[in-house]
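Chemist: Provided below for reference: sequence and predicted model.
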Amino acid sequence: KMAVVVRWIFAAVVIVLAVAQSPWMIPCQLHPADPWCDTSLSFEERAKLAVQAMQLDEKVNQTSTFTPKGTGQAIERIRFPAFAYHSEGLHGLRNSFDTVGLNVTVFPQVTGMAATGNESLIHAMATVMSDEARVLYNAAMRAGQIFTRGAGVFYWSPTMNIGRDPRWGRFQESISEDPYLNAVYSVNFVKGMQGNDTHYLKLAATCKHFLAYSLEGYKNYTRHNFNAVVSDQDLQETYLPAFHTCVTQAKPAQVMCSYNAVNGVPTCAQTEFLTSTLRNKWGFEGFVVSDQGALDDIYENHHYSESPEIAAAEAMNAGCDQNDGVFYAGNLAGAIGQGLVKEDVIDTALTRVLTQRFRVGAFDPPARLPWTGLSTDILHNSSHNALALDAARQSIVLLNNSGDVLPLDVSKLKNIAVIGPAANNTDILTGGKTDYYPPYWVSHLAGIQNHLDNSGSEAQVLFAAGCDTIACKSQSGFDNAKEVASLADVTLVYVGIDSTIEHEGVDRTTIGLPAGQEQLLQLVVEAAIGPVVVVLVHGGPLSSTWAKHNVATVIDAIDGGQSAGDGLADVIFGAYNPSGMLPYTIFPENFVDKSDFLNMSMRTGPGRTYRFYQGEPLWPFGYSGSYTTFTVTWSGLDQGPVKIAADSQVPMTARVTNTGAVAGSYVVQAYVQEMTPRASMHPFDSNPSSAPNKSLFGFKKVHLAPGASIDVEFSQPVLEDHKGWCAFCSVASNGRRGVAPGQYRIQIGGHGGPDEQPQAAYKIIELQGDWAEKAL
């Protein structure tokens with residue numbers, strides 16, 4: 001209670017200072033004669049001047065963030081200020097209340113935002129986040145505060161690793177299982193966070209975690225000691241492409257290297273990745289920061305280096321410019337003394353870091369920055385809250401709706417049963433981390449009641465949690481749940497998993513519902529006298545084979561943020577037509593018995609993700625149900641195989657028509673599939689592997705009235721990248737990546753409808769010419 005009181009007191013002080021528009025003390029406003037304050041110079045030139053003014057021990061300290069217990073160190077001798085390097089936010093800003101005592105807008109979890117299939121919405125969310133981040137920063141600076149985490153302008157997001165396995169504890173934070181979707185999402189997110197000012201960065205965003213990171217803690221391994229054994233083929237085909245697009249198209253200020261090792265070398269000590277690939281091949285101009293404690297892992301957990309000093313030198317020499325923590329500060333001086341790293345290498349690294357501090361305007365008078373005037377008035381204002389509600393609606397994926405149970409007609413209902421441990425649970429909406437602080441949380445139970453109240457309905461809500469916790473170890477509430485279901489015209493069952501089951505640091509061993517919840521679900525369905533709607537509430541993929549085959553109506557409701565309950569209620573009662581697409585494959589629960597979680601190969605066992613899985617999923621990647629129907633037809637290409645010259649462009653335009661009775665939105669997806677055998681496509685490969693089943697290379701969300709049509713274009717150049725993506729690239733088993741002549745099948749459209757068949761049009765094209773190398 002005392003902590004809460006202190007927070008509210010501090011919040012009141014911050015608000016008073018913000019309203020008073022108190023000036024904050026900026027170095028170059030107080031001491032404009034300092035050489036790095038010359039704004040006629042480039043940011044890099046100013047950074048170099050600052051580095052030149054530092055002594056060696058001061059430089060060493062500046063290469064560490066000193067978080068989570070401290071901040072970037074001040075250098076009083078040259079009036080160089082302390083700095084908060086550590087702020088986070090994936091679907092809203094973390095720690096807003098922990099720091100400046102203010103609430104912010106919180107959107108659906110990352111997988112939920114990916115499920116919207118809406119590029120502009122992702123960019124709009126990131127823009128809201130960056131606006132609100134600048135407000136928190138302004139408030140903190142006016143209060144004279146620098147925090148160890150939060151209220152800064154350096155943000156460690158987005159998380160954009162491939163969700164290679166549904167057991168991964170951070171799958172929910174990491175967009176999807178598809179490289180292209182991850183690439184497009186991250187580009188829009190970074191651009192929204194960094195802003196479009198021609199001079200200053202709004203925030204310094206981070207593409208993370210580089211590279212092949214998708215294990216938290218499983219059996220005897222943790223992310224701190226796991227060696228990801230990855231083939232050159234999987235690197236070029238799955239693990240590198242999204243990062244390549246993020247770096248080349250969004251120009252992030254930072255890239256974060258991950259905890260794990262890849263092929264025996266910790267990623268933060270991988271010269272091949274951090275220098276050869278990132279800088280030399282991709283032209284990355286920002287700086288590389290380690291994940292928290294990742295440099296300690298090089299010595300302590302990977303046992304890669306013989307001493308901490310050697311570990312510090314190997315990371316610095318490889319291209320890791322800054323460490324999150326204190327490892328460099330404690331060990332670089334010793335490494336220099338032993339001749340393991342040169343001072344000019346540290347100068348280069350520190351120049352890269354400080355360049356980004358200058359780019360966000362951290363040294364310059366507030367009047368020069370476009371965002372100084374942003375005040376607390378914009379935090380979770382009406383437009384931001386409306387955007388969060390729209391995102392919650394768009395993230396909903398309708399999986400089953402046999403017999404058109406949904407949407408519910410409220411005028412025909414007297415009693416509505418709301419059952420399950422996820423129904424009146426707001427912790428489950430936070431997305432695995434409970435330090436997001438919106439102005440309100442709308443639970444799913446509250447959303448149903450809100451809709452009834454707003455519509456003037458007299459229908460009664462009968463609620464039974466059934467389980468006292470998400471783990472559902474006790475059956476004491478089962479009888480009450482069955483009784484409620486037996487009295488209702490319709491039963492809504494909310495089951496799922498929360499941060500006690502899926503979270504950073506721990507991986508799941510199963511991908512289905514907790515056993516108690518599965519039992520509760522079956523008993524409720526048996527007891528119900530009316531139709532049953534099952535709602536799966538979660539962050540990462542959640543399976544229920546039983547629900548798939550025994551319940552007519554199933555909804556996938558990824559943790560929906562502050563307005564989750566209202567958004568889903570709008571879908572259930574037909575105020576909004578669902579339009580979300582699955583950003584992952586929902587596998588049968590026995591997937592975990594057939595696939596080794598520790599094996600990083602995409603082709604291992606039954607195969608990973610929709611691109612390589614050889615079994616029958618419960619619901620496929622990209623699946624999208626609706627209350628209306630859509631058809632997709634080709635236009636612009638002749639019938640039969642169409643021959644395309646290697647130096648030309650493939651024209652791809654499809655007409656999408658709403659053939660149903662209500663308006664709706666549809667995520668039009670574009671896929672490519674190799675049809676020519678790989679032995680012919682890759683004659684240089686002595687052991688050709690199987691090709692991906694198909695690969696996404698485009699998606700666009702359209703809204704159509706009943707009977708309306710729209711033409712959607714996905715035309716692609718054959719050899720040149722389109723917005724940083726090569727649609728026709730294939731990767732041989734030896735890791736060679738390029739465009740091969742041969743036949744390809746193009747699919748425009750996705751999966752949806754009661755028969756779950758593709759609502760799609762197909763066309764065969766034949767690329768001519770010779771193999772064209774395109775290594776990442």
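Modeler: The structure has been received and is ready for your questions.

Chemist: From residue 145, how far out is residue 276?
Modeler: Distance, residue 276 to residue 145, using Cβ to Cβ, to the nearest Å: 41 Å. (C-beta placed from N, C-alpha, C; glycine too.)

Chemist: Could you identify the helix or strand that succeeds the helix or strand where residue 461 lies?
Modeler: If you go by DSSP states H and E, residue 461 is part of strand 460-464. Sequence-wise, the next helix or strand downstream of strand 460-464 (DSSP H and E) is helix 478-487.

Chemist: A helix includes residue 131, no?
Modeler: Yes - residue state for residue 131 (DSSP: H, G, I helix; E, B strand; the rest coil) corresponds to a helix.

Chemist: my guess is it contacts residue 378, does it?
Modeler: Yes - using Cβ atoms under 8 Å, residue 131 is in contact with residue 378, at 6.0 Å.

Chemist: between these two, which one's more packed in?
Modeler: Each of residue 131 and residue 378 has its neighbours counted (other Cβ atoms under 10 Å); residue 131 has more, 21 against 15.

Chemist: got the contact list for that one?
Modeler: By Cβ atoms under 8 Å, 6 or more residues apart in numbering, the contact list for residue 131 reads 371, 374, 378.

Chemist: related to what we said a few turns ago, helices and strands around the strand holding residue 461, which ones?
Modeler: With contacts taken as 3 or more Cβ pairs under 8 Å, 6 or more residues apart in numbering; DSSP states H and E, strand 460-464 sits against strand 415-419, helix 444-455, helix 478-487.

Chemist: Assumed residue 298 was part of a helix.
Modeler: Yes - assessed with three-state DSSP, residue 298 lies in a helix.

Chemist: How many residues are close by it?
Modeler: Residue 298 is flanked by 28 other residues according to other Cβ under 10 Å.

Chemist: who's in contact with residue 349?
Modeler: Contacts of residue 349 (Cβ under 8 Å, 6+ apart): 63, 287, 316, 320, 321, 322.

Chemist: Neighbour-wise, which one of the residues you listed leads?
Modeler: Among those, the one with the most neighbours (other Cβ under 10 Å) is residue 320, at 31 neighbours.

Chemist: all helices of the stretch 101-250 of the chain, in order?
Modeler: Secondary structure of the stretch 101-250 of the chain by DSSP state H, counting those that start in this stretch: the helices cover 110-115, 119-142, 179-194, 232-234, 241-245.

Chemist: Name the stretch among those that sits most buried.
Modeler: The highest mean neighbour count among these belongs to helix 110-115 (a mean of 29), with neighbours defined as mean count of other Cβ atoms under 10 Å.

Chemist: Just the CA trace of it, in CSV.
Modeler: The C-alpha trace of helix 110-115 is given here as CSV (Å, rounded to 0.1, in the frame of the first residue of the first chain):
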residue,chain,number,x,y,z
VAL,A,110,2.1,-8.8,-30.4
THR,A,111,0.6,-12.0,-31.9
GLY,A,112,-2.8,-10.4,-31.7
MET,A,113,-1.6,-7.3,-33.6
ALA,A,114,-0.1,-9.7,-36.2
ALA,A,115,-3.5,-11.4,-36.4
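
Chemist: Which residues outside it are in contact with it?
Modeler: For helix 110-115, the external contacting residues (Cβ under 8 Å, 6+ apart) are 90-91, 107-108, 121-122, 125, 158-159, 163, 171-176, 181, 185, 391-392, 394-397, 431, 539-540, 556, 558-561, 580-584.

Chemist: Just give me how far stretch 198-207 sits from the chain centre.
Modeler: Relative to its parent chain, stretch 198-207 has a centroid offset of 18 Å by Cα atoms, centre = their mean, to the nearest Å.

Chemist: Please find the angle between the direction vectors of the strand holding residue 461 and strand 415-419.
Modeler: Angle, strand 460-464 to strand 415-419, by axes from the mean of the first three to the mean of the last three Cα atoms, to 10 degrees: 20 degrees.

Chemist: got any ranges where the chain has weak pLDDT?
Modeler: For the chain, applying pLDDT under 70 flags the ranges 1-25, 636-640, 752-758.

Chemist: thinking again about what came up before, tell me which of residue 276 and residue 145 has more neighbours.
Modeler: The residue with more neighbours, out of residue 276 and residue 145, is residue 145; 17 against 14, by other Cβ under 10 Å.

Chemist: just checking, that one touches residue 100?
Modeler: Yes - counting by Cβ under 8 Å, residue 145 touches residue 100, with 7.4 Å between them.

Chemist: shared neighbours of the two, anything?
Modeler: Common contact partners of residue 145 and residue 100 (Cβ under 8 Å, 6+ apart): residue 151.

Chemist: Leaving out sequence neighbours, find the closest residue to residue 410.
Modeler: Among residues not flanking residue 410 along the chain, residue 457 sits closest, at 4.7 Å (Cβ to Cβ, 6 or more residues apart in numbering).

Chemist: Turn the helices and strands packed on strand 460-464 into JSON lines, including distance to residue 257 and mean neighbour count.
Modeler: Listed next are the helices and strands packed on strand 460-464 as JSON lines, based on distance: least, Cβ to Cβ, whole Å; neighbours: other Cβ atoms under 10 Å:
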{"stretch": "strand 415-419", "distance to residue 257": "45", "mean neighbour count": "25"}
{"stretch": "helix 444-455", "distance to residue 257": "39", "mean neighbour count": "19"}
{"stretch": "helix 478-487", "distance to residue 257": "48", "mean neighbour count": "19"}
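
Chemist: which residues touch stretch 26-43?
Modeler: The contact list for stretch 26-43, computed with Cβ under 8 Å, 6+ apart, reads 46-47, 49-50, 53, 78-81, 355, 358-359, 363-366, 368.

Chemist: Need the CA coordinates for that stretch. CSV is fine.
Modeler: Extracted as CSV, the C-alpha positions of stretch 26-43 are listed here (Å, rounded to 0.1, in the frame of the first residue of the first chain):
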residue,chain,number,x,y,z
ILE,A,26,19.8,19.9,-21.1
PRO,A,27,23.6,19.8,-21.4
CYS,A,28,23.9,21.8,-24.6
GLN,A,29,21.4,24.3,-23.3
LEU,A,30,23.5,24.9,-20.1
HIS,A,31,26.9,24.6,-21.8
PRO,A,32,26.5,25.4,-25.5
ALA,A,33,30.2,26.0,-25.9
ASP,A,34,31.0,22.3,-25.4
PRO,A,35,32.3,21.1,-28.8
TRP,A,36,29.7,18.3,-29.2
CYS,A,37,27.0,21.0,-28.9
ASP,A,38,27.7,22.4,-32.3
THR,A,39,24.5,21.6,-34.1
SER,A,40,26.0,22.5,-37.5
LEU,A,41,27.9,19.2,-37.3
SER,A,42,26.5,15.8,-38.0
PHE,A,43,25.4,13.6,-35.2
